[in-house]
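Engineer: Quick check, what structure comes out for this input:
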Amino acid sequence: MKSIVSMMVLVFSLLASVNGFAEERTITGEATVIPQYLDIKGEKAKFNEYRDIHTGVTGDFGLQYEKGNYYIDLFGKDVGRKDQRYELLGGKWGSFKYDFKYDEIPHNFTTNAKTFYTGFGGANLTYQPQPPSTFLPNSNFTTWNSFDYSVQRRDASAGLKLDLFKPFFFDASVSKETRKGIYPLGVAGTSPGGISIELPAPIDYVTDNLKLAAGYTQGPLHLSLNYIYTTFLNQNSNLNFKNPATADISATTDTLTMAPNNDYYKLAFKGAVKLPWNSKFNADLGTGRSSSSANLSNSFATDVTAAASNIGIQGRSGITLNNNVFNGKVDSQNANLVLTSNPLYFLDGKVFYRYNQTQNKSTQIATTDPLLAPTVLNNQSVLFDYSTYKYGGQLGFKLPMSFYTTAAYTRANTSRKRPDIPSYNDDLFEAELRWSGVDWMVARGGYERLHRRADFHAPEVTGPGDPNVIENYIRRYDAASKDSYTWKANLDFFPVENMTLSAGYKWRDVPYSDTTLGLLSKTSNEWHLDANYLIAKRVSLFGYFDFEYAKLNQKQRNFTSGTTANPGLPPTPTDFNWTATETDKNYAYGLGSDVYAIPKKLTFKLQYSYIKSRGYVDYTYLLGINPLPPTRTQDNIDNTSLDNYVLNYFLVKATYNPIKALSLSLGYAYEKYVYDDAQYNGYQNVPLSPAGGTLGFLTGAYANQGYRANLYFASASYLF
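Structural biologist: All right, here's what the predicted structure looks like:
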């Protein structure tokens, strides 16, 4: 709020300073007061995931001041809420302008989460064991501490643009963003007992940004030099916690490395020049660097210079790092060149070239585990480098009978430092045909094909028993060879005055041609329909319908050793292939009407929307003649609840304008959200194994996300 107070002081100072000018001044504005009452049952955090609606009074305001060539605009929205926003704009036409902005937005995850830890919200989590155990916490979660998973972002910025010295210009802006709160962080169970835990991890980030730009604009030439500098500071570089999976918690505090402090800068040149034949050339060149530093020491490993090792989650010591400090440094370069031209009235086109590269110069971390191979390097991190270049062109033709067509081709070559697929090439072909031969309709159709070929490198294996044998058959879908085919069509109708209809369809098929294990194919169908109609200037009707049907097919391998990793081997009860077909159906529709009962006096608004998503996974064990494991069938292993949800929304509102400057509204909104997912159905804070053993200690993050809300609101707005 200090930023808001400072902003208001500045506003009145500026208003006072311009009073000395002789020109006539004008002040206009608007003020709105919004009292509201919220009745909600269920998860309040999901209802207010990125907003702040609650019982109370809020409001908006706007103020515009002009005097000669000088102006000041001040706006505020959702005053006093956690999603409030303020903006101040001002300047002198043709000379300079400035802006000050302040914005808040919450991200609410879960309310009334529970943890056995004390110190949550900070970087040190601890607890006392529950006797007779010497390391397990109290399993009665009803006695645990309650808190909310939520992160609040606040962003304040200021900018100045000078045009006093035309054709030269100068821009400068600074901003500060803070994020504070708690978010869930999971630690998977290892040993003893396979206990998993959920940690309330602290968020306390500060990001400072500086942007500078200077340039020249006159006639056919535009040139600019831009500089960006960003610093990120995390007040909690490590999260220290007592771990119930460690038998001797009095001797061990485990540590997780959090987001490291880092710096980033980018220097860029942008230029554009107009050329003959109605052409233009644009260039964007840049170079940047990001750097960071993080301490990697934790209870899993100790620096090679340390005198002794700690006991970690796995109850072992002696794992060493070649360096317990990671210094990150990544350099990047980019180039973007585009030439556009419209030499003839029936012909336009463009050619382009884009290049992006990163060079990773960070510390390369290696680990050694004496139980696996004493004094021998076991694992060395791979520094990720990336480079890609694209080139291509597009041509557009105006054809007889009101047809217009475009055709485009793009070639992309990508190289990445990764062991399985270090490079791949893309050929993208696009075509579209548009017809506008009548005043009441525009029709469009298009086709797109992406052809990707990946350079797969088989892994090095020590022998047939090496588990890496499976890597010969797996293809990661993000870079694997594939073909993508897309057809789309759209019709826009204007059959009568004040009516608009739009209908569209898109079909996509993506087969992964070289994949044996992994994602095999994706297909999707999408339909949409939109309609608007104004009847006799009194009733406005609108509606929409969207539907998407998508299917993903994958094949994987269950095996017990490297010798049985080959998916071509005959199946056994322990070594077999399995497939999964995931089906997603999403559809939404909405209807609404604005009824101008008394034009410019009384308006009624009705609106209803319905959104439903349903996911289903059909698993199949390819066991051949071998029997399924006890209690399992090909039907009961399927997942019928995969990210299923239904959202209903209804709004009714009446607005009355007794005079031109005053607007009064009264309304009611209803919202219901039902969530159904196998991951969270039957959620337990302390899940148990069939034998009664403790499997984990969970906080309730994302559990029970459904809600039902009734919102009653009114508003009064006055123009002056």
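Engineer: how about low-confidence regions in the chain?
Structural biologist: 1-23, 189-194, 246-252, 297-319, 369-380 (pLDDT under 70).
Engineer: Buried residues in stretch 603-611, which are they?
Structural biologist: Within stretch 603-611, the residues that count as buried by 16 or more other C-beta atoms under 10 Å are Thr603, Lys605, Gln607, Tyr608, Ser609, Ile611. Every C-beta, even on glycine, is put in place using the N, C-alpha and C of the backbone.
Engineer: From Thr388, how far off is the fourth one?
Structural biologist: Right, Tyr608. Distance of Tyr608 to Thr388, given as C-beta to C-beta, to the nearest Å: 46 Å.
Engineer: The last one now?
Structural biologist: Between Ile611 and Thr388 the computed distance is 36 Å (C-beta to C-beta).
Engineer: For Ile197, see how far away Ser146 is.
Structural biologist: Relative to Ile197, Ser146 is positioned 17 Å away (C-beta to C-beta).
Engineer: Of these two, which one has the most company?
Structural biologist: Between Ser146 and Ile197, counted using other C-beta atoms under 10 Å, Ile197 has the larger neighbour count: 23 against 12.
Engineer: List the residues that contact that one.
Structural biologist: For Ile197, the contact set (C-beta atoms under 8 Å, 6 or more residues apart in numbering) comprises Gly186, Val187, Gly189, Asn243, Pro244, Ala245, Gly696, Phe697, Leu698.
Engineer: Show me those residues that map onto strands.
Structural biologist: Gly186, Val187, Gly696, Phe697 (DSSP state E).
Engineer: Which of the residues you listed ranks first by neighbour count?
Structural biologist: Highest neighbour count within those: Phe697, with 26 neighbours (other C-beta under 10 Å).
Engineer: Find the nearest non-adjacent residue to it, please.
Structural biologist: Ile197 (5.0 Å; C-beta to C-beta, 6 or more residues apart in numbering).
Engineer: again, but for Ala714
Structural biologist: Leu666 (5.1 Å).
Engineer: in what helix or strand does that neighbour lie?
Structural biologist: Under the criterion of DSSP states H and E, Leu666 resides in strand 662-676.
Engineer: What is the burial count for Phe96?
Structural biologist: So Phe96, with other C-beta under 10 Å, has 15 neighbours.
Engineer: Sorry, slip of the keys, the one I care about is Arg444.
Structural biologist: 16.
Engineer: Make residue 1 into 70 and carry on from there
Structural biologist: Understood, numbering begins at 70; the last thing we discussed is Arg513.
Engineer: Listing partners with orientation, what would you give for the helix or strand harbouring it?
Structural biologist: Using DSSP H and E, Arg513 falls within strand 510-524. Paired with strand 510-524 in the same sheet, following DSSP bridges, are strand 492-507 (antiparallel), strand 551-562 (antiparallel).
Engineer: Show me what that strand is in contact with.
Structural biologist: Taking C-beta under 8 Å, 6+ apart as the rule, strand 510-524 contacts 490-505, 544, 548-563, 583.
Engineer: Check those for burial and list the buried ones.
Structural biologist: 490-493, 495, 497, 499, 501-504, 544, 548-551, 553, 555, 557, 559, 561.
Engineer: hmm, back to that, distance check, the residue nearest to Phe766 against Gln703.
Structural biologist: Ile266 is 35 Å from Gln703, by C-beta to C-beta.
Engineer: got it, and Lys722?
Structural biologist: Lys722 is 52 Å from Gln703, by C-beta to C-beta.
Engineer: can you check Ile251 too?
Structural biologist: Distance, Ile251 to Gln703, by C-beta to C-beta: 43 Å.
Engineer: Helices along this protein, start to end?
Structural biologist: Assigned by DSSP state H, the helices in the chain fall at 71-86, 113-116.
Engineer: Give me the packing partners of the last one, helices and strands only.
Structural biologist: This points to helix 113-116. strand 165-184, strand 214-231, strand 731-745, strand 776-788 (3 or more C-beta pairs under 8 Å, 6 or more residues apart in numbering; DSSP states H and E).
Engineer: returning to what we had before: let's have the contacts of Ile266 in TSV, adding distance to Pro699.
Structural biologist: Putting the contacts of Ile266 into TSV (distance: C-beta to C-beta, whole Å) gives the following:
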residue	distance to Pro699
Gly255	30
Val256	32
Gly258	24
Asn312	34
Pro313	32
Ala314	29
Gly765	25
Phe766	30
Leu767	28
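Engineer: right, and the pair among those with maximum separation?
Structural biologist: Taking C-beta to C-beta, the two most distant members of the contacts of Ile266 are Asn312 and Leu767; they sit 14.6 Å apart.
Engineer: Buried residues in stretch 272-286, which are they?
Structural biologist: Ile272, Asp273, Tyr274, Thr276, Asn278, Lys280, Ala282, Gly284.
Engineer: Okay, Thr702 and Ala572: tell me how far apart.
Structural biologist: 43 Å.
Engineer: Kindly report the same for Trp504.
Structural biologist: 15 Å.
Engineer: and what of Leu302?
Structural biologist: Distance from Leu302 to Ala572, by C-beta to C-beta: 51 Å.
Engineer: Check Lys170 too.
Structural biologist: 40 Å.
Engineer: higher neighbour count, those two?
Structural biologist: Lys170 (19 against 15).
Engineer: tell me how far the ends of stretch 296-314 are from each other?
Structural biologist: End-to-end distance of stretch 296-314 (C-alpha to C-alpha, to the nearest Å): 49 Å.
Engineer: no wait, stretch 578-592
Structural biologist: 4 Å.
Engineer: And stretch 621-629, how far out from the chain middle?
Structural biologist: With C-alpha atoms, centre = their mean, to the nearest Å as the basis, stretch 621-629 stands 29 Å off its chain's centre.
Engineer: Other residues contacting that stretch?
Structural biologist: 539, 542, 585-591, 634, 636, 643-651, 653.
Engineer: ok, 7 Å please
Structural biologist: The contact list for stretch 621-629 (C-beta atoms under 7 Å, 6 or more residues apart in numbering) reads 539, 586-591, 634, 636, 643-651.
Engineer: which of these count as buried?
Structural biologist: 539, 586-591, 634, 636, 644-647, 649-651.
Engineer: Out of the residues you listed, which comes closest to Tyr414?
Structural biologist: Distances from Tyr414 to the buried ones among the contacts of stretch 621-629, taken by C-beta to C-beta, are shortest for Lys591, at 41.6 Å.
Engineer: hang on, isn't the closest one packed against Trp576?
Structural biologist: No - look at Lys591 against Trp576 with C-beta atoms under 7 Å: they stay out of range, at 11.9 Å.
Engineer: list the contacts for Phe563?
Structural biologist: Counted by C-beta under 7 Å, 6+ apart, Phe563 has contacts Trp509, Thr569.
Engineer: Closest one to Ser431 out of the ones in strands among the contacts of Ile266, please.
Structural biologist: For those, the nearest to Ser431 is Val256 (25.2 Å; C-beta to C-beta).
Engineer: Confirm for me that the closest one is in contact with Ile264.
Structural biologist: No - the criterion here is C-beta under 7 Å, and Val256 misses it with Ile264 at 9.1 Å.
Engineer: Which residue comes closest to Ser471 once chain neighbours are left out?
Structural biologist: Of all residues not flanking Ser471 in the chain, Gly506 sits nearest, at 3.9 Å (C-beta to C-beta, 6+ apart).
Engineer: and the one you found, how many neighbours?
Structural biologist: Around Gly506 there are 10 residues (other C-beta under 10 Å).
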